[in-house]
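In: Using only what follows, build the 3D model:
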Amino acid sequence: MKDTHITHILDNTPLASLSESDLASIRAHTANCADCAQAFEAAQLSSLLMKQRAADAAESALNANPFFQTRVLAAWREQRESGWSFGRLWKVTGALVSSMVVTTAALAALTFIVPAEEATMAPTAVASTSAESVMFDEGQDEMTNDQALNAIYYDEEEAR
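Out: Residues are numbered from 1 along each chain as shown. As a prediction, this is how the structure comes out:
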């Protein structure tokens with residue numbers, strides 16, 4: 001390894017990620033090469049400085065607000081304890097579910113109650129007409145669409 005320098009190893013791989021065999025070959029090469037020894041020392045120093053800077057940044061973030069750690073831990077504990085409870089789910093979707101229930105009830109009322117009321121009124125309006133009389137225009141001057149539809153569908157209901 002005396003002919004090749006170790007700078008390409010130091011440039012391509014973080015110092016903390018180097019294997020023991022790579023570190024052994026680097027130490028063996030730096031014993032004979034002053035330039036590579038200086039590059040290895042610079043890599044060690046920069047790694048140490050980066051670790052120290054990260055630790056200082058984390059400590060200053062905690063010290064910036066004395067209640068930061070307490071608030072974070074309390075929020076984390078609350079989130080862990082609450083999980084997926086029905087109360088929390090209802091807070092989020094309560095308005096939507098309520099409006100869907102009201103809409104469904106209104107549609108059910110319009111579907112089942114209103115046609116039942118119309119069915120009780122239909123025999124009086126249709127009693128004088130039948131499907132055949134409508135089709136062959138027997139004794140009818142003019143018939144409304146409602147009368148024609150009632151005559152056609154009323155006859156089908158009687159057949160059942």
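In: which SS class is Ala105?
Out: Counting by DSSP: H, G, I helix; E, B strand; the rest coil, the backbone at Ala105 sits in helix.
In: How about the contacts made by it?
Out: Applying CB atoms under 8 Å, 6 or more residues apart in numbering, we find Ala105 in contact with no residue. All C-beta atoms are positioned from the backbone trio N, CA, C, and that covers glycine.
In: Output the lowest mean pLDDT helix or strand found in this structure.
Out: helix 131-136 (a mean of 67; mean pLDDT, DSSP states H and E).
In: which stretches of the protein have low pLDDT?
Out: Along the chain, segments meeting pLDDT under 70 span 1-4, 62-64, 66, 82-84, 116-141, 155-160.
In: Point to the residue nearest the middle of it.
Out: Val92 (13.4 Å; CA atoms, centre = their mean).
In: And that residue, its phi and psi?
Out: phi -80, psi -40 (degrees, to the nearest 10).
In: Ok, Ser98 next?
Out: phi -60, psi -40.
In: measure it to Arg88 for me?
Out: Ser98 sits 17 Å away from Arg88, going by CB to CB, to the nearest Å.
In: Tell me, how many residues neighbour Ile9?
Out: Using other CB atoms under 10 Å, Ile9 has 20 other residues around it.
In: what comes up buried for stretch 75-89?
Out: For stretch 75-89, burial by neighbour count (16 or more other CB atoms under 10 Å) applies to no residue.
In: Show the end-to-end separation of that stretch, please.
Out: Terminal residues of stretch 75-89 lie 18 Å apart, using CA to CA, to the nearest Å.
In: One more: stretch 9-27?
Out: Terminal residues of stretch 9-27 lie 12 Å apart, using CA to CA.
In: ranges for the strands of the protein?
Out: Counting by DSSP state E, the chain has no strands to list.
In: Show me the helices in it, by range?
Out: Remark: helices assigned in the chain by DSSP state H are 7-12, 20-30, 34-64, 68-82, 86-126, 131-136, 145-159.
In: for Leu18, phi and psi?
Out: phi -70, psi 140.
In: That one reaches Ser25, doesn't it?
Out: No: counting by CB atoms under 8 Å, Ser25 is not a contact partner of Leu18; they are 9.7 Å apart.
In: Counting neighbours, what do you get for Leu10?
Out: So Leu10, with other CB under 10 Å, has 20 neighbours.
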